[in-house]
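With the input below, show me the fold.
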Amino acid sequence: MPLTLSRPDLQRTENFIAGEWLRTVSGRTLDVTDPATGALVAQVPDSDAADARAATGAAHAAFPAWRAVPAKQRAQILKRWNDLVMAHQEDLGRLISREQGKPLAEGRGEVAYAASYIEWFAEEATRANGEIIPAPVTGRRMLALREPVGVVAAITPWNFPAAMIARKIAPALAAGCTVVCKPAEDTPLTSLALVKLAQEAGVPPGVLNIVTASREATPEVGGAWLDRTRVRKISFTRSTPVGQHLARRSADTLKKLSLELGGNAPFIVFDDADIDAAVEGLMAAKFRNGGQTCVCPNR
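The predicted structure follows:
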């Protein structure tokens, strides 16, 4: 059954680099399938190092102008993005349900969850305040200013394809950074749709770039970002072994890292607990999203 959207143009099947929707340099594609049926939903680019370098170049070129945009103006763009995401909650929820497998109600809920990150960081954009530090000697004044770090590479997991990409992109844009991102190979369509809405909200060309890639091609894409000194920060949510690899590789170029890796989630019930409430909470936590959450109880 085809995926029905009120706005079919939200289902993008190209990379977004320097404000343009592009196929891969190599012409390779990646199948996106419905996890419930195995049916083909769409084909997206299977990017390689050339595509990753193109995205980095676009983000690097856009950085000086974006960092100079007043914080209030960046906040206004993010607020428009938030409004567009919520205006298209149903379509985005359907995309999530189809490519990720969530029930539609959970898909809609995730869209609201994703928008909450965008709204939060839209407000925080205007609060990147510095500090005046007491000087150790007379006649001196010490100031600490917060500056955008530069190009940020964001790599996201499949279990929350809208929330995790919003959680990484929104703070980077709010701070004045530019972004290159690669969504999970299983769930690229939701991320591409969010980037489409960010474009409509007024994010300038090159400020936000996205490339899709298969599991086999991901090390090539990631390697291109790790090797480039132009990428100054990596934000990654997935497995601990890959996070360790990124930490080792980032040392050569002294990249900053934000890593959310594999967790360990005991469910603790104290003697004075309301057992019925504890069981209800446990069942919700264990089976939400089919048990595929970062805080799913495992013992």
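
any chance you could map the strands in this structure?
15-17, 20-22, 29-33, 40-45, 131-133, 142-144, 151-155, 178-182, 208-210, 231-237, 256-260 (DSSP state E).

Contact partners for residue 43?
13, 29-32 (C-beta atoms under 8 Å, 6 or more residues apart in numbering). Quick note: C-beta positions are derived from backbone N, CA and C, even for glycine.

Residue 77 too?
Going by C-beta under 8 Å, 6+ apart, residue 77 touches 173, 201-203.

any chance of those residues in CSV, plus distance to residue 240, pLDDT and neighbour count?
What follows is these, written out as CSV (distance: C-beta to C-beta, whole Å; pLDDT from 0 to 100; neighbours: other C-beta atoms under 10 Å):
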residue, distance to residue 240, pLDDT, neighbour count
173, 28, 98, 28
201, 35, 98, 18
202, 38, 98, 14
203, 32, 98, 24
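
Nearest to residue 188, out of the residues you listed: which one, please.
Taking C-beta to C-beta as the measure, residue 188 lies nearest residue 203 of the contacts of residue 77, at 18.5 Å.

Nearest residue to that closest one in space, please, no chain neighbours.
Nearest non-adjacent residue to residue 203, counting by C-beta to C-beta, 6 or more residues apart in numbering: residue 77, 6.0 Å away.

pLDDT value on the one you found, please?
You'll see residue 77 listed with a pLDDT of 98.

Then residue 4?
According to the prediction, residue 4 has pLDDT 85.

pretty sure it is touching residue 97, no?
No. Between residue 4 and residue 97 there is no contact under C-beta atoms under 8 Å: 11.6 Å.

Sketch out the low-pLDDT regions of the stretch 51-200 of the chain for me.
When residues are selected by pLDDT under 70, none of them lie in the stretch 51-200 of the chain.

Helices along that one, start to end?
Assigned by DSSP state H, counting those that start in this stretch, the helices in the stretch 51-200 of the chain fall at 71-87, 89-100, 104-124, 163-175, 188-201.

Next up, the contacts around the nearest residue to residue 292 once chain neighbours are set aside.
Nearest residue to residue 292, sequence neighbours excluded (C-beta to C-beta, 6+ apart): residue 159, at 4.5 Å. Residue 159 is in contact with 100, 289, 292-294, counting by C-beta under 8 Å, 6+ apart.

closest to residue 140 among the residues you listed?
Nearest to residue 140 out of the contacts of residue 159 is residue 294 (C-beta to C-beta; 45.9 Å).

Now do the phi/psi pair for the closest one.
Taking degrees, to the nearest 10, you get phi -70, psi -20 for the backbone angles of residue 294.

so how far is residue 221 from it?
Separation of residue 294 from residue 221 (C-beta to C-beta, to the nearest Å) stands at 23 Å.

out of these two, which sits in the more crowded spot?
Ranked by neighbour count (other C-beta atoms under 10 Å), residue 294 and residue 221 place residue 221 first, with 26 against 14.

which residue packs closest to the more buried one, ignoring adjacent ones?
Using C-beta to C-beta, 6+ apart and skipping residues adjacent in sequence, the residue nearest residue 221 is residue 52, 4.4 Å away.

Kindly report the same for residue 293.
That would be residue 159: by C-beta to C-beta, 6+ apart, it lies 6.4 Å from residue 293.

likewise residue 123?
Nearest to residue 123 is residue 75, by C-beta to C-beta, 6+ apart, at 6.9 Å.

do residue 236 as well
Nearest to residue 236 is residue 155, by C-beta to C-beta, 6+ apart, at 4.7 Å.

Pull the contacting residues for residue 74.
Counting by C-beta under 8 Å, 6+ apart, residue 74 makes contact with 66, 125, 173-174, 176.
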